[in-house]
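Colleague: Whatever this is, show me its structure:
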Amino acid sequence: MEEDLGIGLQMKGQDELIGKDGVFKKNNKFSVPTHTISNGEKFLDALSSPLSTIPRSKEEHEELDDLNNKFSERLDNLEKKKELSNKEGTTSKERDNFNKNKKCAVTTQGRKEDSDSEC
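Modeller: Reported below is the predicted structural model:
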């Protein structure tokens, strides 16, 4: 059992790292897709994706268009509500005149020399 614990921590020898051909060979854990280059051109061939090859039916297109239209309407409604709230809302001057304590606290906040004095 003690022999098994130390096996993973042993240093590898030069013969284990360098292959029979005399070249260092790294063990890749991940398979990397190979890109083929077209003859005479320097462009890579497009990879075929399973998503791009699935033909969509007319019903699917209509459903996606409907969802896009509904989403656009919701965005427009949110923008309109935001514009209306900005127009109808009170400005900061109106709020400050309404609440003089708040205005005084905000103007003196953070000044050390005025910390003992009141507004």
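Colleague: going forward, measure contacts and count neighbours with C-alpha atoms only.
Modeller: Will do.
Colleague: For Leu75, the count of nearby residues, please.
Modeller: Here the number of neighbours of Leu75 (other Cα atoms under 10 Å) works out to 12.
Colleague: and it, what are its phi and psi?
Modeller: The phi and psi values for Leu75, taken as degrees, to the nearest 10, are phi -60, psi -40.
Colleague: And for the one 4 residues further on?
Modeller: Glu79 adopts backbone torsions of phi -70, psi -40, taken as degrees, to the nearest 10.
Colleague: Show the pLDDT at Leu84.
Modeller: We have a pLDDT of 83 for Leu84.
Colleague: just the one 3 residues further on next, same as before
Modeller: Residue-level confidence at Lys87 comes out at 73, pLDDT.
Colleague: Let the chain start at 66 from now.
Modeller: Noted, 66 is the first residue going forward, which turns the last one into Lys152.
Colleague: ok, now which ones touch it?
Modeller: With Cα atoms under 8 Å, 6 or more residues apart in numbering as the criterion, no residue contacts Lys152.
Colleague: wait, is it part of a helix?
Modeller: Yes - assessed with DSSP: H, G, I helix; E, B strand; the rest coil, Lys152 lies in a helix.
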